[in-house]
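1. Here you go, sequence then predicted model.
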2 protein chains.
Amino acid sequence: MIMLEKLVQKNNSKLLLVVLDGIGGLPVKDGKTELELAHTPNLDSLAKESALGLHIPVDYGITPGSGPGHLGIFGYDPLEYQIGRGILEALGLGIEVKDTDIAIRGNYATVEYVDGKPIVKDRRAGRIATEENRRITQRIKENIKEIDGVEVIIEPGMEHRFALVLRFPHPLPEGSDQIKDTDPQKEGKEPLKPIAMNANAQRVAEVVEKFVHKVGELLKDEPKANYVLLRGFSQKPKMKGFEERFGLKACAIAVYPMYRGLASLVGMDVINFEGSSIEDEIETLRSLWNDYDFFFLHIKKTDSYGEDGNWEGKVKVIEEFDKNLPKILELKPSVLVITGDHSTPSVLKGHSWHPVPVLLKSDYVLGGTSQRFTERECLKGELGIFPAKKLINIMFAHSLRLAKYGA
Amino acid sequence: MIMLEKLVQKNNSKLLLVVLDGIGGLPVKDGKTELELAHTPNLDSLAKESALGLHIPVDYGITPGSGPGHLGIFGYDPLEYQIGRGILEALGLGIEVKDTDIAIRGNYATVEYVDGKPIVKDRRAGRIATEENRRITQRIKENIKEIDGVEVIIEPGMEHRFALVLRFPHPLPEGSDQIKDTDPQKEGKEPLKPIAMNANAQRVAEVVEKFVHKVGELLKDEPKANYVLLRGFSQKPKMKGFEERFGLKACAIAVYPMYRGLASLVGMDVINFEGSSIEDEIETLRSLWNDYDFFFLHIKKTDSYGEDGNWEGKVKVIEEFDKNLPKILELKPSVLVITGDHSTPSVLKGHSWHPVPVLLKSDYVLGGTSQRFTERECLKGELGIFPAKKLINIMFAHSLRLAKYGA
């Protein structure tokens, strides 16, 4: 990675990375995958003149979550950069995470006070309705805005879940997130203290303890959600941003908070825009075309339908993307990559380990190896099967933004 | 590898790894390889619906011995885990090797006593007949059963060779095998003392020296084999077993001692059974099907004929395996892999560095890429060319025994 950064040079090329989330599939009807079943005349034409291949998101046989999946295609080794659970939860609920933050996953819980001590009766507060969660979280928002100069940011999730970010007034040293979960994992026990596992985490643990105490006081009158259990304390991993690494301005066009958050972690500008359809996203892309060098465009629904086992739905999203592809091609990106962050075969109803189809269009490819953008046709392509973290190298090379290595 | 172990989860899947030893080949007649020449209707059908590829046993261009070849496909990096020559010799002669053992390769030699000192006249005792070796080894077995509480285990090999295991009453610390060879490498010299290269090896070296002395006394009356030269002192490498790593019960069905020994090193139960044919092995597999989760089935003769340069023989073994394949498929393994530990092209009369064909059958593959299980058809497959040590990842993924990495 260090070598890549040393070779980077500037030019006026435009790079576009389109992520069809969970695009890779398995045979689901008549021996064909979702990509094979879809009617995609535009993708077919493009595939014939593009470089094709498949990437391995993390390692052979490893099924990635969305975090590792995206880090890989952004050029960050997902085994080196591990994103804490608290961070992912916060990003997923739309909270931006900074160098000054500790992000935490929370559960509302029910406790009973015995001799003044809270004893956990239900670790999930009877799985309260999401609506109820929102009401309670709003109470906390209004009443606990800061603790000892530390800003408290909290957002409700589904049922009993929430994300909490403690924003300190200064960047936190490494290891500040090394705090033990407070969830005792069993009913009938007292919630655990947030114990700091090193000196850097000490100050954070104190603030956490005060927060838990204040919430306990505030919610004492609630019938179910009268306490909080916290886990997955995590801080933003130290990682150089896109601009610093590659000397270009990058932006992210994505609808869902998780992917917007992942892009912000690597220093992309996250664009706010109206609407949420593929058309809306491409319209946004066109409007920004002169303002950035690198564009990450994220399309979620391929994954959502895959997770539901709804292959017809996944096929339709692929076809919808295909219809909109000409509008992307009109922009004439110097390098266009279409791929996924991982596979989500409808037959598995979830992420999988299978290599992910990659299409790369540029003036400097062989092309002519394959007829379509499908798993099996990508196997015939010139890119072969390669680690996801190398995709950025290949993209930058084709934009002529990498100088020669050695004389 | 550590990550893999963290992701392992249990289920009821059955995994079967069939190793056709030395299966990979090169064109030997009409431009066809042994696999291409063989008539294999069952393998052909299976190949059409399986994931195919080729594995690289150790590294590009590296020809593996049986030890590294098997460690790789068992999921142990053969460059990280090196099995000493003494261990391999002992395993090959059917001696089990434990944490308490030092395994050693031995030669019978002829010495002449000059001023009471042994001087080597023939380092190989005139390459005595194997029958003669057996007789002499039996004399040692009967007369030197232990030394200072250390059990002496010795087995004859071919001609002048034997394997010796010194079994201590307790596990040995690392480095206990760091002892210099006693073979002076030249005739006319005195055998070298077994010199310990560190403190841990000191006690072992003392026992070795006593053993050599006792054998010298015992065999003084032998005309040729009246002394022993020892080399390749080695102890069992520290490696976690299959059950500890993957949370499953594994067994090995193999005829030859070397492969039975290699399987025992990684903690597989080594099965004793009647007969030695492919049919006998598959019958054993069937009888054990409910007792284990992972099965390693080793077929040797593909390699033996390859080593002899007998391509017709190798073709016949492949065809015999093909005839028996339906009996394996009837068991409906969740994941079936058919591969080799390395290539043994008949034209080379030995192991080679060529990538080894891999076939993986499961419900979660693309398939449809290839017509047969041959080197050239495997090149078209969805697994690509990958390091052997990743085969286990891929097998486990397809059995749904690996959890997602990251959120």
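-> Good, I have the coordinates.

2. tell me the secondary structure for the residue nearest to residue A:149 when sequence neighbours are not counted?
-> Using CB to CB, 6 or more residues apart in numbering or on different chains and skipping the chain neighbours, the partner closest in space to residue A:149 is residue A:169 (5.8 Å). C-beta coordinates here come from the backbone N, C-alpha and C atoms, glycine included. At residue A:169 the chain is in coil, as set by DSSP: H, G, I helix; E, B strand; the rest coil.

3. got the CA positions of stretch A:66-79 in CSV?
-> C-alpha atoms of stretch A:66-79 as CSV (Å, rounded to 0.1, in the frame of the first residue of the first chain):
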residue,chain,number,x,y,z
SER,A,66,-20.3,-4.8,4.7
GLY,A,67,-17.4,-3.2,6.5
PRO,A,68,-14.6,-5.5,5.4
GLY,A,69,-16.3,-5.8,1.9
HIS,A,70,-16.1,-2.1,1.3
LEU,A,71,-12.7,-1.5,2.9
GLY,A,72,-11.3,-4.1,0.4
ILE,A,73,-12.5,-2.5,-2.7
PHE,A,74,-11.5,1.0,-1.4
GLY,A,75,-7.9,-0.4,-1.2
TYR,A,76,-7.6,-1.0,2.5
ASP,A,77,-6.7,-4.5,3.7
PRO,A,78,-9.7,-5.6,5.6
LEU,A,79,-7.6,-7.9,7.8
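
4. what's it in contact with?
-> If you take CB atoms under 8 Å, 6 or more residues apart in numbering or on different chains as the criterion, stretch A:66-79 is touched by A:1, A:4, A:17, A:19, A:21, A:55, A:57-59, A:64, A:81-83, A:88, A:239, A:242, A:245, A:258-259, A:262-263, A:266, A:296, A:339-342, A:351, A:387-389, A:391-393, B:3, B:405-407.

5. Make a ChimeraX selection of whichever of the residues you listed turn out to be buried.
-> Remark: buried members of these, expressed as a ChimeraX selection using 16 or more other CB atoms under 10 Å in any protein chain shown:
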select /A:4,17,19,21,55,57,58,59,64,81,83,88,239,242,245,258,259,262,263,266,296,339,340,341,342,351,387,388,389,391,392,393 /B:405,406,407
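
6. Out of the contacts of stretch A:66-79, which sit inside helices?
-> A:4, A:88, A:242, A:245, A:258-259, A:262-263, A:391-393, B:3 (DSSP state H).

7. Reformat those residues as a markdown table; add distance to residue B:9 and pLDDT.
-> Formatted as a markdown table, these follow (distance: CB to CB, whole Å; pLDDT from 0 to 100):
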| residue | distance to residue B:9 | pLDDT |
| --- | --- | --- |
| A:4 | 36 | 89 |
| A:88 | 20 | 89 |
| A:242 | 35 | 92 |
| A:245 | 36 | 94 |
| A:258 | 24 | 89 |
| A:259 | 27 | 93 |
| A:262 | 26 | 93 |
| A:263 | 31 | 94 |
| A:391 | 29 | 98 |
| A:392 | 32 | 97 |
| A:393 | 34 | 96 |
| B:3 | 14 | 81 |
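
8. I figured residue A:270 was touching residue A:252, is that so?
-> Yes. Judged on CB atoms under 8 Å, residue A:270 makes contact with residue A:252 at a distance of 5.0 Å.

9. which ones are touching residue A:381?
-> Residue A:381 is in contact with A:51-53, A:358, A:369-370, counting by CB under 8 Å, 6+ apart.

10. Select from the residues you listed the one having the most neighbours.
-> residue A:358 (28 neighbours; other CB atoms under 10 Å in any protein chain shown).

11. follow-up on the earlier one: who has more neighbours out of residue A:270 and residue A:252?
-> residue A:252 (24 against 17).

12. The helix or strand containing that one packs against which elements?
-> For residue A:252, the host element (DSSP states H and E) is strand A:250-253. Where contact means 3 or more CB pairs under 8 Å, 6 or more residues apart in numbering or on different chains; DSSP states H and E, strand A:250-253 is packed against helix A:257-265, strand A:269-270, helix A:278-288, strand A:294-299.

13. Out of those, the one nearest residue B:288 is which?
-> helix A:257-265 (46.2 Å; CB to CB).

14. What residue, apart from its backbone neighbours, is nearest residue A:383 spatially?
-> Using CB to CB, 6+ apart, the nearest residue to residue A:383 is residue A:53, at 2.5 Å.

15. The one you found bridge partners, please.
-> residue A:358, residue A:384 (DSSP bridges).

16. OK, contacts around it?
-> A:358, A:360, A:378, A:381-386.

17. hmm, try it at 10 Å
-> Shown in contact with residue A:53 (CB atoms under 10 Å, 6 or more residues apart in numbering or on different chains): A:339, A:355-360, A:369-370, A:378-386, A:391, A:394, B:384.

18. And those residues, which of them are buried?
-> Judged by 16+ other CB under 10 Å, buried ones among these: A:339, A:355-360, A:369-370, A:378-379, A:381, A:383-386, A:391, A:394, B:384.

19. Wait, a strand at residue A:111?
-> Yes. If the criterion is three-state DSSP, then residue A:111 is within a strand.

20. Surely residue A:375 touches residue A:359?
-> No. Contact criterion CB atoms under 10 Å: residue A:375 and residue A:359 do not qualify, at 11.9 Å.

21. Tell me where the model's unsure across chain A.
-> A:1-2 (pLDDT under 70).

22. Mind telling me which residue of it is nearest chain B?
-> residue A:61 (3.2 Å; CB to the nearest CB).

23. Can you give me the neighbour number for that residue?
-> By other CB under 10 Å, neighbour count at residue A:61 equals 22.

24. same question, the one 5 residues further on
-> Applying other CB under 10 Å, we find 26 other residues in the vicinity of residue A:66.

25. do the same with the one 10 residues further on
-> Counted by other CB under 10 Å, the residues lying close to residue A:76 total 24.

26. Can you classify it as helix, strand or coil?
-> Going by three-state DSSP: residue A:76 is coil.

27. Next: residue A:96.
-> Reduced to three states by three-state DSSP, residue A:96 is coil.

28. just checking, it touches residue A:153?
-> Yes. Using CB under 10 Å, residue A:96 is in contact with residue A:153, at 9.0 Å.

29. hey, what's in contact with both of those two?
-> A:90, A:165, A:167.

30. Neighbours of the second one, how many?
-> This means residue A:165. For residue A:165, the count of nearby residues is 23 (other CB under 10 Å).

31. does the nearest residue to it once chain neighbours are set aside sit in a helix or strand, and which one?
-> Excluding its sequence neighbours, the residue lying closest to residue A:165 (CB to CB, 6+ apart) is residue A:153, at 4.2 Å. Using DSSP H and E, residue A:153 maps to strand A:150-156.
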